[in-house]
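Chemist: the following comprises the amino acid sequence and a computationally predicted model.
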Amino acid sequence: MTSSALPSADAPDPSTSTLRVLVVDDDRTLREGTASVLQMDGHAVTSTGRGEEAMELVRRRKFDLVLVDLYMSPISGMEILKATLETHRDTIVVVMTGNPSVASSIEALRMGAWDYLPKPFSASHLQVLVGRAAHAVSSARESREQSAPSSRPQLVTQSGAGDLMELLGESPSFRKAVDLAQKVAGTDASVMISGESGTGKEMIAQFIHRHSRRAQRKLVPINCAALPENLLESEMFGYRKGAFTGADRDKAGLLEVANGGTLFLDELTEMTMPLQAKLLRVLQDGVVRRLGSETHDAVVDVRFVSATNRDPQEAVAQGILREDLFYRLRVVPIKLPPLRKRLEDIPLLAQYFLNKSWLRHRPGTLVPELGDDAMAFLTTRQWRGNVRELQNVIEHVAVIADPGQEIVPADIPMHDDAAAPTSGEAMLSQAYLSEPFHTAKDRLIAHFEREYLARLTSRASGNMSKAARLAGIDRTTLYRLIEKHEIKRDGSGDGP
């Protein structure tokens, strides 16, 4: 654990449920620190630094949660994971690792691990994860009380795993964003999250709130793009009886509802300038005036987290975001990278989404396996919809796949708007890096030629003369390449 891992008064209470926890790690400092944090939260903790002892413990005792180091010798964390689930299928196993490679993390998830915990980790990170585990254990107990347990084989048995995917990723750019969110969470500083649609901005906002001193109060989201100006104003600020037609009673706005908690302003740049001016007044003096009121109605203490899929500074330059409001809300900026800049995270996210979707749609049956070719294929896609699109694609796969099936590229739905990588970085995926240089080079060139020609002919509406001019090559060369890659030509034909 990091030096900041000591429990503090600001750390959120993860759960009131008491868990029987086994901590297995040959690093004595980390093992004892982890056990200490969990014991202070009221959990019954057993710890060991020896793999042999851990194997004996999981075979003769029932634990709710096992935290095990992945890299141990002579008995590895994988072996302990396997032995635990063979003995007690409903035990939650979390693997801890200081070297979280994609291959090892995916293998652990395939074998039934509930989650993984990259080292070093803080006490709050540990507490949030264990809190989720406690919720899953509690839900499973309630389910068992309401119905008889199924005897069918099941690879993934826990429910509620990873309701937030905020920490699922190893890429430096994503980890940087999460680490910054964790650092700022304990303060009351305003945070502005930017990133393309589907990158997880709301997840980061929830993560900040759950790690804050305001975690026991409400997180109130407002989608500024979803409501017309007059309705958004009445929802935010509230109104007095008679303020407008239909206002038959006094109503508090969401700013008042969020008092003591966090207000999440999603798609901030879609808010009109007059509303931005009213919001700025609240930020400056904390006073809310409801529609139709001639006095100040409430003083609020609200932490602001905002999000936008635009570049906020460009929005200021374009006159759609007030500069003074921008600086008020962007005390700490967090930028989330698009999925195409997080290629190393795609296999891990895909396996997680497959496990989660399968548990929801096909509980009690063997989870399909994403084969190496399927994983490699996923890393070559553009993912304009980012993590949200990946989640939807994998859910589609889960719905149509058979239990225990190996998923291949042909099983993954392909859409034109997500077919082609946007850069050499996206094209140079694990599929190519696992091949000999000349083989990978030939494949990359062929892929580039196919995608370039398809987009070129589409841009030229099928006019080969125009396409040749745009490409800067003669028509004979263009025809040869078109025939080589069997590109279909649609449109006006050869043309002048």
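Modeler: Thanks, I have the structure now.
Chemist: from what I can see residue 340 touches residue 380, true?
Modeler: No - using CB atoms under 8 Å, residue 340 is not in contact with residue 380, being 10.1 Å away. The C-beta positions use only the backbone N, C-alpha and C, and glycine is treated the same way.
Chemist: burial count for the residue lying closest to residue 466 once chain neighbours are set aside?
Modeler: Closest residue in space to residue 466, ignoring its immediate chain neighbours: residue 460 at 4.2 Å, by CB to CB, 6 or more residues apart in numbering. Neighbourhood size, residue 460 [other CB atoms under 10 Å]: 21.
Chemist: can I get the CA coordinates of the helix or strand hosting residue 358 in CSV?
Modeler: Using DSSP states H and E, residue 358 falls within helix 346-361. Extracted in CSV, the C-alpha atoms of helix 346-361 (Å, rounded to 0.1, in the frame of the first residue of the first chain):
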residue,chain,number,x,y,z
ILE,A,346,-9.5,-3.3,-24.5
PRO,A,347,-8.9,-7.0,-23.8
LEU,A,348,-9.4,-6.4,-20.0
LEU,A,349,-12.6,-4.3,-20.5
ALA,A,350,-14.0,-6.8,-23.1
GLN,A,351,-13.5,-9.8,-20.7
TYR,A,352,-15.1,-7.8,-17.9
PHE,A,353,-18.1,-6.8,-20.0
LEU,A,354,-18.5,-10.4,-21.3
ASN,A,355,-18.5,-11.8,-17.7
LYS,A,356,-21.0,-9.1,-16.6
SER,A,357,-23.4,-9.5,-19.6
TRP,A,358,-23.3,-13.3,-19.4
LEU,A,359,-24.1,-13.2,-15.7
ARG,A,360,-27.2,-11.0,-16.4
HIS,A,361,-28.5,-12.9,-19.5
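Chemist: just list what it packs against, helices and strands only.
Modeler: helix 102-110, strand 369-370, helix 372-378, helix 386-400 (3 or more CB pairs under 8 Å, 6 or more residues apart in numbering; DSSP states H and E).
Chemist: the helix or strand just after the first one pairs with which strands, parallel or anti?
Modeler: Going down the chain from helix 102-110, the next helix or strand is strand 115-118, by DSSP H and E. The strands beside strand 115-118 in its sheet (DSSP bridges) come out as strand 92-97 (parallel).
Chemist: now the strands for the stretch 201-350 of the chain?
Modeler: For the stretch 201-350 of the chain, the strands defined by DSSP state E, counting those that start in this stretch cover 219-223, 238-239, 251-252, 262-266, 287-288, 298-299, 303-308, 332-335.
Chemist: what angle separates the longest one from strand 219-223?
Modeler: Put plainly, it is strand 303-308. Angle, strand 303-308 to strand 219-223, by axes from the mean of the first three to the mean of the last three CA atoms, to 10 degrees: 30 degrees.
Chemist: now do strand 303-308 and strand 262-266, the angle between them.
Modeler: Here strand 303-308 runs at an angle of 10 degrees relative to strand 262-266 (the same axes, to 10 degrees).
Chemist: identify the residues contacting strand 303-308?
Modeler: 188, 190-195, 201-202, 205, 208-209, 212, 214, 261-269, 283, 315, 329-330 (CB atoms under 8 Å, 6 or more residues apart in numbering).
Chemist: can you select the buried ones among the residues you listed for me in PyMOL?
Modeler: In PyMOL, a selection of the buried entries from the contacts of strand 303-308 looks like this (16 or more other CB atoms under 10 Å):
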select buried, resi 190+191+192+193+194+195+201+202+205+208+209+212+214+261+262+263+264+265+266+267+268+269+315+329+330
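Chemist: so where's the chain shaky on pLDDT?
Modeler: The chain contains residues with pLDDT under 70 at 1-17, 99-103, 105-106, 139-167, 415-435, 488-496.
Chemist: tell me how far the helix holding residue 358 lies from the chain's centre.
Modeler: The chain centroid and the centroid of helix 346-361 are separated by 12 Å under CA atoms, centre = their mean, to the nearest Å.
Chemist: residue 485: what's it in contact with?
Modeler: Residue 485 sits in contact with 446, 449-450, 453, where contact means CB under 8 Å, 6+ apart.
Chemist: what of residue 72?
Modeler: 24-26, 51, 80.
Chemist: since we're on residue 281, how many residues are nearby?
Modeler: Counted with other CB under 10 Å, residue 281 comes out at 12.
Chemist: how about residue 107?
Modeler: Residue 107: 16 neighbours (other CB under 10 Å).
Chemist: do you know how far it is from residue 95?
Modeler: Here the criterion is CB to CB, to the nearest Å. By it, residue 107 lies 10 Å from residue 95.
Chemist: angle of the helix holding residue 358 against helix 386-400?
Modeler: Put simply, helix 346-361 runs at 50 degrees to helix 386-400, going by the same axes, to 10 degrees.
Chemist: go through helix 346-361 and flag the buried ones.
Modeler: For helix 346-361, burial by neighbour count (16+ other CB under 10 Å) applies to 346-359.
Chemist: go on, stretch 69-78?
Modeler: Applying a neighbour-count criterion of 16+ other CB under 10 Å, the buried positions in stretch 69-78 are 69-70, 72, 75-78.
Chemist: same deal with stretch 225-243?
Modeler: 227, 232-240, 243.
Chemist: alpha carbons only: can I get that stretch in CSV?
Modeler: Provided in CSV are the C-alpha atoms of stretch 225-243 (Å, rounded to 0.1, in the frame of the first residue of the first chain):
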residue,chain,number,x,y,z
ALA,A,225,-28.5,18.9,-23.2
ALA,A,226,-31.6,16.9,-22.4
LEU,A,227,-33.9,19.7,-21.3
PRO,A,228,-35.1,23.0,-23.0
GLU,A,229,-33.9,26.2,-21.4
ASN,A,230,-37.1,27.0,-19.4
LEU,A,231,-37.4,23.5,-18.0
LEU,A,232,-33.7,23.2,-17.2
GLU,A,233,-34.0,26.5,-15.3
SER,A,234,-37.0,25.5,-13.2
GLU,A,235,-35.4,22.1,-12.5
MET,A,236,-32.1,23.6,-11.4
PHE,A,237,-33.4,26.6,-9.4
GLY,A,238,-36.9,25.5,-8.4
TYR,A,239,-39.9,27.8,-8.5
ARG,A,240,-42.6,29.5,-6.4
LYS,A,241,-46.3,28.8,-6.7
GLY,A,242,-47.7,30.8,-9.6
ALA,A,243,-44.3,31.5,-11.3
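Chemist: fine, thanks again, bye for now.
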